[in-house]
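Participant: Quick one, fold the following:
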Amino acid sequence: RPEATRAQLVSALTCAPAVVMVWEGEGAVAAALEVAGDEDPSKAARGTIRAELAHNVEANLVDVSPTAAEAARQLRVWFDADDVVSEGSSRPAVSEGSETRGGETNLPPARAAAPASATSPAAAIEQAVAVEAREGASKSKAQLKKEAKKAEKAAKKEAHKAGVAPPSESKPAVSLDPPSGTRDFFPDEMRLRSWLFGRFRETARQLAFVEYDAPVLEHEELYKRKGGEEITEQMYNFVDKDGKAVALRPEMTPTLARMILSLGGKQLLPVKWFSIPQCWRFETVQRGRKREHFQWNMDIIGEPSIAAEVELLSAVTTFFKSVGISADDVGIKVNSRKVLSATLKLYGITDDTKFAEVCVIVDKLDKIGAEPVVELLMAKDVGEEAARKIVASLSLRSVAQLEELIGDASSEAVRDMTELFKQAEAYGFADFLVFDASVVRGLAYYTGIVFEGFDRKGELRAICGGGRYDELLTLYDPSLPADVPACGFGFGDCVLMELLHDKGLLPQLEPQIDFVVVAYNAEMKYHALSIVSRLRQALYAVDLLLEPAKKVAKAFSYADRVHGKRVLFVAPDEWSAGKVRMKDLRTQDEALKEVDLPVETLVDELRQMGIMPSGFEAQRRPASGECVMRKAHPENQTGVRIGARGLRTSQSQSGRLFT
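Facilitator: Below is the predicted model:
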């Protein structure tokens, strides 16, 4: 491996519990290759490990050892003798449901089990090493693979002669994993995603942004014209059946520009819009980076002053605070194209084309170091002295240092940066901000302030990023009389979820099921349906046990599995008395654990007991005695009131108290 990637690869191997599968005996190599795939990842069968890593051969961490000696050596590097378990060892082998050291994750059973008569893998390896040393045998993988196939054929032939059916290899017709770099959202993950999007939307509401959306399929030309950031090389693009060149959107900003331009000046500016689009890029998959992700975008179109950037930074920090992330956890690096432009001007670089080239080069500073950057700048006809001073200027970490370098406190670069920090101080989020002249990514595209969120431990990729892009709309419509001021940011969900997980800030979310309704028999089912309908109209979350259940154990088991809070039994004796029986599975109050409630006034009785639909809080008005519900999440604007005249819905302007 190249030395530059060695640390990254070692980190990938050691950042979480690992499991190694060891095959031994007849057919071992064939069994291993079936799971690992061909040595050449581009030829590996779909569904194998190497095929999933084929997009980046350097990141291929899978190897099939050509000899037992090499396998033993590799195992000694990563594992102690006590870590090796098998069917023949005294310790139990890893099986489904068991946990790794530290209890961090569950591991599935190994795909290939050792024969019952086999010794432990460790003993077998040592034995094979000894044999190999005596015989001096060394065979290539191709030879081993060929011999393995011959052995398998011979075994099948012998089994056929003996009348024994070969073991069936039941494989699904299609891969059960999502495509590489994409994700399935099972209910647990979906609840977290919905929670996160809810926090995005609540922050946007507080800052008076309005939501928009657009098709995930977009004109390819939008991204080719904008260019930059290697987007054109990473697009999922194709020609559709109408012969149109289209792409799955890699970002939302070009679509926003198209939509604003499509209004033809009918929309009064400025506008404050936000969206949470799904974006697609074909890039190397790693921690915090997928080939599809959701991105919270907030943009202000039509405001030329620094106040727009401050409002966006306020949104970012407001969100951070709302989920428990402080300025001690994350920071926001701030720079400006005007800063780098003023710095380059000191050394005679004023050409826009050369400016863009310099941006691309200095952006590599963290990856390749100062000296290679100086050499690359010199290759672009930048003098050695100027190149070294440009690299040195990237170490500026305060506006005072910037002013000292430029030597002009009235310059636009210094003035904008000073004003931004003053407004941030007044807003109360200046402790999140850090001036950093080394933030140059995107400066060839951005026209003013640029910022980037980072975790202060330095363990994650950029959390968010944005800036001013005043020239984008005129790029798409050159007929515009002047540039349209615009700025915005993007906030990806992948890195953010990693950050929240690391900080222990992800909530424990369960389904909110108020009642599980259970019919005693088929005759009672129709009455149960009427109870379900009545409760759902009153906004309760109600599940129905689809098959009648005479045994309460079955009802309790189902209710516990779906996280139901209470069970309502619809049974003949209680129904004939005009009642249903409620069993509360969560309360500690013995008087409320089992209660018979009248069917006719069921909803009113529940209100009187203070049992509200999930997500609502109860508030009783002393004068009238009516029970008013207040939504626990103010972004939901629907309210209800229960009184003598029954149930009705209404709208609240404040989103807080509903009457």
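Participant: Quick check: mean pLDDT of stretch 269-284?
Facilitator: Taken as a whole, stretch 269-284 carries a mean pLDDT of 95.
Participant: do stretch 552-572 as well
Facilitator: Rounded mean pLDDT across stretch 552-572 is 93.
Participant: I'd like the mean pLDDT over stretch 464-474, please.
Facilitator: Average pLDDT, stretch 464-474: 95.
Participant: Kindly export that stretch (C-alpha atoms) in PDB.
Facilitator: Written as PDB, here are the backbone C-alpha positions of stretch 464-474 (Å, rounded to 0.1, in the frame of the first residue of the first chain):
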ATOM      1  CA  CYS A 464     -21.500  21.200   6.500                       C
ATOM      2  CA  GLY A 465     -20.300  23.800   4.100                       C
ATOM      3  CA  GLY A 466     -21.500  26.800   2.100                       C
ATOM      4  CA  GLY A 467     -20.900  30.300   1.000                       C
ATOM      5  CA  ARG A 468     -21.800  33.100  -1.500                       C
ATOM      6  CA  TYR A 469     -22.300  32.300  -5.200                       C
ATOM      7  CA  ASP A 470     -23.500  35.500  -6.800                       C
ATOM      8  CA  GLU A 471     -22.600  34.500 -10.400                       C
ATOM      9  CA  LEU A 472     -24.500  31.200 -10.600                       C
ATOM     10  CA  LEU A 473     -27.800  32.500 -12.000                       C
ATOM     11  CA  THR A 474     -26.100  34.600 -14.700                       C
END
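Participant: Need the residues that contact the one helix or strand residue 473 maps to.
Facilitator: Element membership of residue 473 [criterion: DSSP states H and E] is helix 472-476. Among residues not part of helix 472-476, those counted as contacts by CB atoms under 8 Å, 6 or more residues apart in numbering are 222, 225-226, 253-254, 257-258, 260-261, 301, 480, 482-484, 486. Using the backbone N, CA and C atoms, a C-beta is placed for each residue, glycine as well.
Participant: The helix or strand following that helix pairs with which strands, parallel or anti?
Facilitator: Next in sequence after helix 472-476, counting helices and strands by DSSP H and E, comes strand 486-492. With DSSP bridges as the test, strand 486-492 is paired with strand 292-301 (antiparallel), strand 464-468 (antiparallel).
Participant: Tell me where the stretch 551-659 of the chain has strands.
Facilitator: Secondary structure of the stretch 551-659 of the chain (DSSP state E, counting those that start in this stretch): strands at 564-570, 579-584, 594-598, 616-620, 627-631, 638-643, 646-651.
Participant: mind listing what's buried in stretch 256-273?
Facilitator: Within stretch 256-273, the residues scored as buried using 16 or more other CB atoms under 10 Å are 256, 257, 258, 259, 260, 270, 271, 272, 273.
Participant: Report the spatially closest residue to the first one, excluding sequence-adjacent ones.
Facilitator: Taking CB to CB, 6 or more residues apart in numbering as the measure, residue 256 lies nearest to residue 299, with 5.8 Å between them; neighbours along the chain are not counted.
Participant: OK, contacts around residue 380?
Facilitator: Counting by CB under 8 Å, 6+ apart, residue 380 has contacts 354, 357, 358, 361.
Participant: please redo it, this time with the cut-off set to 6 Å
Facilitator: residue 357 (CB atoms under 6 Å, 6 or more residues apart in numbering).
Participant: same deal with residue 363?
Facilitator: So residue 363 contacts 440, 441 (CB under 6 Å, 6+ apart).
Participant: what do you get if the cut-off is 10 Å, keeping everything else the same?
Facilitator: 373, 394, 438, 439, 440, 441, 442, 443, 444 (CB atoms under 10 Å, 6 or more residues apart in numbering).
Participant: Next, find the distance separating it from residue 394.
Facilitator: 10 Å (CB to CB, to the nearest Å).
Participant: ditto for residue 267
Facilitator: Taking CB to CB, one finds residue 267 at 39 Å from residue 394.
Participant: and if you look at residue 497?
Facilitator: From residue 497 to residue 394 the distance is 31 Å (CB to CB).
Participant: Same check on residue 355?
Facilitator: 15 Å.
Participant: Comparing these two, which residue is more hemmed in?
Facilitator: residue 394 (20 against 17; other CB atoms under 10 Å).
Participant: related to what we said a few turns ago, and for residue 363 and residue 394, which residues touch both?
Facilitator: Taking CB under 10 Å, 6+ apart as the contact rule, residue 363 and residue 394 both touch 373, 438, 439, 440.
Participant: Tell me who's in contact with the third one.
Facilitator: Residues in contact with residue 439 (CB under 10 Å, 6+ apart) are 332-336, 339-340, 363, 394, 450-452, 454, 462, 465, 467.
Participant: Count the residues that sit near the residue nearest to residue 597 when sequence neighbours are not counted.
Facilitator: Spatial nearest neighbour of residue 597, excluding adjacent residues (CB to CB, 6+ apart): residue 605 at 5.0 Å. Residue 605: 15 surrounding residues under other CB under 10 Å.
Participant: roughly how far out does the helix holding residue 473 sit from the chain middle?
Facilitator: 31 Å (CA atoms, centre = their mean, to the nearest Å).
Participant: What is the burial count for residue 481?
Facilitator: 6.
Participant: correction: residue 429
Facilitator: Neighbours around residue 429, by other CB under 10 Å: 20.
Participant: just residue 213 next, same as before
Facilitator: Using other CB under 10 Å, residue 213 has 11 other residues around it.
Participant: Got the phi and psi for the residue nearest to it when sequence neighbours are not counted?
Facilitator: Leaving aside its chain neighbours, residue 213 sits nearest to residue 275 (5.6 Å; criterion: CB to CB, 6+ apart). Torsion angles at residue 275 (phi, psi; degrees, to the nearest 10) stand at phi -150, psi 170.
Participant: try residue 613
Facilitator: phi -60, psi 150.
Participant: Tell me where the stretch 51-200 of the chain is predicted with low confidence.
Facilitator: 51-66, 78, 81-149, 152, 155-171 (pLDDT under 70).
Participant: if you set the cut-off to 50 instead, what comes out?
Facilitator: Where the stretch 51-200 of the chain drops to pLDDT under 50, the residues are 55, 57-60, 88-137.
Participant: tell me, what residue is most central in this structure?
Facilitator: Nearest to the geometric centre of the chain sits residue 494, at 2.8 Å (CA atoms, centre = their mean).
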